[in-house]
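A.B. asks: quick check, what structure comes out for this input:
(2 chains)
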Amino acid sequence: MSDTEQPVSGPQQTDPVHDWTTDYDIYDAEYVNDPTPVWKDLRDSGCPMARTDRRGIRSWLPTKFADVQALAKIVPELSNKEPLVISLPKDMQFGDQTFNAPPISSDPPEQIWTRRMILPAFSPKAVEKHRQYTVDLCNSLIDGFIDNGSCDAAVDYAQQIPPRVIANMLGFDPAKSDDFTEWVRGVLELGLFDPVIRVKYREIIREFLIDEVSSRWENPRDDYLSELLAMDVPEMKGQEVKVVVGLANLLLIAGIDTTWSSIGSGLYHFGTHADDRRRLAADHSLFPTALEEILRFYSPVTMARVAQEDVPFGDTVIKEGEKVLMNFPGANHDEDAFEDAGKVVIDRTRNRHIAFGSGIHRCAGSNLARLEMDVAIRTWFERIPEFEVSDPDAVTWAGGQVRGPRRLPMKF
Amino acid sequence: MKYHRDRERRNRFAEKGNQLKLVIDSDLCQGHNRCYALAPELVDVDDYGQAFALNDGEVPAELEDKAALIVDNCPEFAIKVESGE
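C.D. replies: This next block holds a predicted model:
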């Protein structure tokens, strides 16, 4: 891939999987398009914890809700030092290896004080101040295509929202939103498969953030990054720029293609299930349960842990250095935890889903993500109550770390 | 099914005139804020997302269904409804 080419999405070619219990591959094309049959087979097989030795490292894939919940609480033995589902090969670990994304790339105690720095800005009440900006943004995006009677709901809508909300929150130039999207996909989507791409975009982001944070360290502004730099946190003293660059890295990376994926998955669902769409369009009081159900059924995010020592689990041992994927999406399809787990039930009242994770690393931005999802899908329904996916075969999905539609042709 | 058992149990308490009490385990709570979104009449959250029960956890009769709802939607199994005995 040349430097000027935009990343392309869609399943990558991998060696076919013959046995999912011992050789799973989350990049298998069919798995990316629909992982649910694999999870069900694994749970039914009596071997719900699959493993693989692909990509040079043993990695485990739990598929039971109870197992994922239990594994998420084995801290710090199962460490967050490498939260990406595929690690960089040893010979690719150049550049600044201390450039990280706390608290998601940290274990306690660093995880605790860095998390406390950012949580207040993401409380349910604090995120409300981003609502009006998000409403206006969604309306202006819809203004741009509503008269055409069609659009790509992933590219023209869902993808446009989170980078602008985050840029607005962090005080970055909103005109750079397309760059942010490209960078984040370079790290989390294409870069997972291609270490060269991953390191390239990681370094682009690092240099951008060092510039942004350093300029605020020298000349504080009335914005969030300046607030973070000025916080009275003893552990940060003397390394303010480095810490805030790391936090900004998380805030930039973690909120973009995750939230975009959830918005896109919601529109995909209602654009392919006319009965649910009509029901929700007729009764907006169903929004809260419907959106939680979309989060459960189409959970976008899988994270990873790496064992710091041998960790016995069930009848197996996760050996030091091995990875465990926090398969939150798979856990959310476990029939033992959810009645009719394989069905989208938009008025589901019992829904303990863990789309935002579980345990101490629960997504710090979950309230902002929910707000964006609520505003994006609600505004769409208000403006465009009748719509459908115009060509289901043309829908493409990204998967692996973050799953969601990347092409979503819609007509209305 | 468990939901209906809870409901039967609540009804039994109600017959005896027992007040239900909402108990949130702050060690288990990870700040998902699902309870606050569903039942701000019963729960509030602090700046760090930690949930706490309002009114010492007292659950008025008309909010018993909401209390059951937040129990059933907590991803961390951190919320319980207990008899006020």
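
A.B. asks: give me the neighbour count for the spatially closest residue to residue A:89 that is not a sequence neighbour.
C.D. replies: Excluding the flanking residues, the one nearest residue A:89 by Cβ to Cβ, 6 or more residues apart in numbering or on different chains is residue A:195, at 5.9 Å. Yep, even glycine has a C-beta here, placed from its N, CA and C like the rest. The tally of other residues near residue A:195 (other Cβ atoms under 10 Å in any protein chain shown) stands at 16.

A.B. asks: now residue A:195: how far from chain B?
C.D. replies: 33 Å (Cβ to the nearest Cβ, to the nearest Å).

A.B. asks: ranges for the strands of the chain?
C.D. replies: The chain I'm using is chain A. Applying DSSP state E to chain A gives strands spanning A:49-52, A:59-62, A:78-79, A:150-152, A:303-307, A:311-313, A:316-318, A:323-326, A:388-389, A:396-398, A:404-407, A:409-411.

A.B. asks: looking at chain B here, not the other one
C.D. replies: Counting by DSSP E, the strands of chain B are B:20-24, B:43-45, B:51-53, B:58-59, B:79-83.

A.B. asks: what residues does the stretch 51-200 of chain A have near chain B?
C.D. replies: A:116, A:119-120, A:122-124, A:126 (Cβ under 8 Å from any Cβ of the partner chain).

A.B. asks: again, 10 Å this time
C.D. replies: When proximity is defined as Cβ under 10 Å from any Cβ of the partner chain, the stretch 51-200 of chain A approaches chain B at A:65, A:69, A:72-73, A:115-116, A:119-126.

A.B. asks: list the contacts of residue 38.
C.D. replies: In the absence of a named chain, chain A is used. By Cβ atoms under 10 Å, 6 or more residues apart in numbering or on different chains, the contact set of residue A:38 is A:17, A:20, A:24-26, A:28, A:30-31, A:50, A:61, A:63, A:330.

A.B. asks: meant chain B, my bad for not saying
C.D. replies: A:288-289, A:292, A:349, B:66-67, B:69-70, B:72-74.

A.B. asks: could you export those as JSON lines, including neighbour count?
C.D. replies: Listed next are those as JSON lines, based on neighbours: other Cβ atoms under 10 Å in any protein chain shown:
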{"residue": "A:288", "neighbour count": "15"}
{"residue": "A:289", "neighbour count": "19"}
{"residue": "A:292", "neighbour count": "23"}
{"residue": "A:349", "neighbour count": "14"}
{"residue": "B:66", "neighbour count": "19"}
{"residue": "B:67", "neighbour count": "27"}
{"residue": "B:69", "neighbour count": "20"}
{"residue": "B:70", "neighbour count": "24"}
{"residue": "B:72", "neighbour count": "17"}
{"residue": "B:73", "neighbour count": "22"}
{"residue": "B:74", "neighbour count": "21"}
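
A.B. asks: can I get these in JSON lines including pLDDT and distance to residue A:213?
C.D. replies: Output for the contacts of residue B:38, formatted as JSON lines (pLDDT from 0 to 100; distance: Cβ to Cβ, whole Å):
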{"residue": "A:288", "pLDDT": "95", "distance to residue A:213": "37"}
{"residue": "A:289", "pLDDT": "96", "distance to residue A:213": "40"}
{"residue": "A:292", "pLDDT": "97", "distance to residue A:213": "35"}
{"residue": "A:349", "pLDDT": "93", "distance to residue A:213": "44"}
{"residue": "B:66", "pLDDT": "95", "distance to residue A:213": "44"}
{"residue": "B:67", "pLDDT": "96", "distance to residue A:213": "45"}
{"residue": "B:69", "pLDDT": "95", "distance to residue A:213": "43"}
{"residue": "B:70", "pLDDT": "96", "distance to residue A:213": "39"}
{"residue": "B:72", "pLDDT": "96", "distance to residue A:213": "43"}
{"residue": "B:73", "pLDDT": "97", "distance to residue A:213": "38"}
{"residue": "B:74", "pLDDT": "98", "distance to residue A:213": "36"}
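
A.B. asks: looking at those, which is nearest residue A:152?
C.D. replies: Proximity to residue A:152 was ranked across those by Cβ to Cβ; first place goes to residue A:292, at 26.0 Å.

A.B. asks: quick check: that closest one vs chain B, distance?
C.D. replies: For residue A:292, the distance to chain B - Cβ to the nearest Cβ - is 8 Å.

A.B. asks: distance of residue A:71 relative to residue A:307?
C.D. replies: Residue A:71 sits 10 Å away from residue A:307 when distances are taken as Cβ to Cβ, to the nearest Å.

A.B. asks: which one of those two is surrounded by more residues?
C.D. replies: residue A:71 (25 against 21).

A.B. asks: from chain B, how far off is residue A:43?
C.D. replies: Taken as Cβ to the nearest Cβ, the span from residue A:43 to chain B is 19 Å.

A.B. asks: residue A:308 too?
C.D. replies: In terms of Cβ to the nearest Cβ, residue A:308 sits 21 Å off from chain B.

A.B. asks: quick check: closest non-adjacent residue to that residue.
C.D. replies: Per Cβ to Cβ, 6+ apart, closest to residue A:308 is residue A:79, 5.0 Å.

A.B. asks: mind listing the helices for chain B?
C.D. replies: B:2-15, B:34-38, B:64-73 (DSSP state H).

A.B. asks: between the ones you listed, which gets the lowest average pLDDT?
C.D. replies: Per-stretch mean pLDDT for the helices of chain B is lowest at helix B:2-15 (a mean of 51).

A.B. asks: mind giving me the packing neighbours of the longest helix anywhere in chain A?
C.D. replies: Secondary structure of chain A per DSSP H: the longest helix is helix A:195-218. Using 3 or more Cβ pairs under 10 Å, 6 or more residues apart in numbering or on different chains; DSSP states H and E, the elements in contact with helix A:195-218 are helix A:177-188, helix A:190-193, helix A:224-230, helix A:240-254.

A.B. asks: worst mean pLDDT among these?
C.D. replies: Across those, the lowest-scoring stretch is helix A:190-193, with a mean of 80.

A.B. asks: and the residue of the stretch 101-250 of chain A closest to chain B?
C.D. replies: residue A:120 (4.2 Å; Cβ to the nearest Cβ).

A.B. asks: who's in contact with that residue?
C.D. replies: A:126, A:227, A:231, B:46-49.

A.B. asks: and with 7 Å instead?
C.D. replies: By Cβ atoms under 7 Å, 6 or more residues apart in numbering or on different chains, the contact set of residue A:120 is A:126, B:47-48.

A.B. asks: re the thing from before, just the ones in helices from the residues of the stretch 51-200 of chain A next to chain B, please.
C.D. replies: Reading helices off those with DSSP H, I get A:65, A:69, A:72, A:115-116, A:124-126.

A.B. asks: you'd agree residue A:185 is up against residue A:257?
C.D. replies: Yes - between residue A:185 and residue A:257 there is a contact under Cβ atoms under 7 Å: 6.2 Å.

A.B. asks: and these two? Which one has more around it.
C.D. replies: More crowded of residue A:185 and residue A:257, by other Cβ under 10 Å: residue A:257, with 29 against 24.
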